[in-house]
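S.K.: A structural model of the following input is requested.
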Amino acid sequence: LQLVESGGGLVQPGGSLRLSCAGSGFTSDTYALGWFRQTPGKDRVGVACISSSDDSTYYADSVKGRFTVSGVIANHTAFLQMNSLKPEDTATYYCAAECIVVANVILGFGSWGQGTQVTVSS
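M.R.: Sure, this is the predicted structure:
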């Protein structure tokens, strides 16, 4: 199972970026892909989770209303549209092959991508 993120970069505050997570090697047509982010010295934190079985989505409070997760079932791809970006969104963003939500916390497990850097700065 392999995941590859792309789409990161440098953007000014208030700008937008769209991240992609391309998956391969899945043995099932259904999946729940998660997006996470991490800054140096801190734990990886769940940002969004999407389930292909019912198209349900879940977001961390810090990104609700600004980020949108979507997916393409056929090729196990997930996207994270990030709008109204803030400097505090600066992090390395990862996707995980599986995600669940427990007590309003997004948890990821299984395979992870290598990450893509997002920097929000003027």
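S.K.: what about this protein, any weak spots by pLDDT?
M.R.: When residues are selected by pLDDT under 70, those of the chain lie in 29-30, 73-74.
S.K.: dead centre of it: give me the residue that sits there.
M.R.: residue 35 (2.1 Å; CA atoms, centre = their mean).
S.K.: helices and strands around the helix or strand containing that one, which ones?
M.R.: For residue 35, the host element (DSSP states H and E) is strand 32-38. Based on contacts counted as 3 or more CB pairs under 8 Å, 6 or more residues apart in numbering; DSSP states H and E, the elements that strand 32-38 packs against are strand 17-24, strand 45-51, strand 77-82, strand 91-102, strand 105-112. Every C-beta, even on glycine, is put in place using the N, C-alpha and C of the backbone.
S.K.: repeat that for 10 Å
M.R.: Contacting strand 32-38 under the criterion 3 or more CB pairs under 10 Å, 6 or more residues apart in numbering; DSSP states H and E are the following elements: strand 17-24, strand 45-51, strand 57-59, strand 67-72, strand 77-82, strand 91-102, strand 105-112.
S.K.: quick check: beta-bridge partners of the residue nearest to the centre of the chain?
M.R.: residue 48, residue 95 (DSSP bridges).
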